[in-house]
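Novice: task: produce atomic coordinates for the following.
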Amino acid sequence: MYHPRSLVICRSRILITHNHGILNYSLDGEYISRIGKQGKGKLEFNCPWGIAINESNDDIYICDYSNNRIQILSKDFQFKSQFGSFKYPHDVKLSKEYIYVLNNSNPCIHLFNHNYILLKSVISLGQGNQVINPLSFFIDNSNNILIVDYSSNSISILNPELQSIHNIPTAVTVDNPDRVIVVCNHTVNCLQIF
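Specialist: Numbering: from 1, shown residues only. Just a heads-up that it's a prediction; the model follows:
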């Protein structure tokens, strides 16, 4: 495996974006297959990053970073569609209602419906527009968005309307039933539960 970037677990397999393709592994960690190759066409990738699964049909959504698009594959790895003309999409997540795409180079989140129609873009992320280098994000059960900012070593939280709630340093975890537990910088000696 060379330059693994992101992964998702789907039913009986683990899918990992790496180099210019997707690696397919069993849940036991056994290599099954590679999907895609370097290029700009269907099932071709240029530095894929984020990956997500549509739980309703097991479609696979892949951020094709340097091709500036999202590719959608069937659960059998057949090309279905693509959308967007992004500037380096870094991560993708899905809810029942929306598709969220995180851009890295101009930090923003794009919100699409499942027909790939852009509904909203938030260009300035975090309180005081402090998100500098977002790498990934998580959507909790309340549709709050937790954004990991690599450059500032922080987590920013947006509500479902994509408005900033908190900027929180150091670490975060989500506990059932959907509690966000935040561990602050060790110099602050503080634990906050939201």
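
Novice: how's this protein carved up into domains?
Specialist: 1-123, 129-194 (automatic domain parsing).

Novice: pLDDT (mean, whole number) over the first one?
Specialist: Per-residue pLDDT values over domain 1-123 give a mean of 91.

Novice: return the distance of that domain from the chain's centre.
Specialist: Offset of domain 1-123 from its chain centre (Cα atoms, centre = their mean, to the nearest Å): 8 Å.

Novice: secondary structure element for Val8?
Specialist: Element membership for Val8, per DSSP states H and E: strand 4-10.

Novice: quick one: strands adjacent to that strand?
Specialist: Using DSSP bridges, the strands paired with strand 4-10 are strand 13-18 (antiparallel).

Novice: just the buried positions in the strand it pairs with, please.
Specialist: 14-18 (16 or more other Cβ atoms under 10 Å). (C-beta placed from N, C-alpha, C; glycine too.)

Novice: and the closest residue to Glu97 other than its chain neighbours, how many neighbours?
Specialist: Distances taken as Cβ to Cβ, 6 or more residues apart in numbering place Asn113 nearest to Glu97, at 7.3 Å, with adjacent residues excluded. Per other Cβ atoms under 10 Å, the neighbour tally for Asn113 reads 11.

Novice: repeat that for Asn57.
Specialist: 9.

Novice: isn't it up against Asp76?
Specialist: No. Here Asn57 lies out of contact with Asp76, judged by Cβ atoms under 8 Å, at a distance of 11.5 Å.
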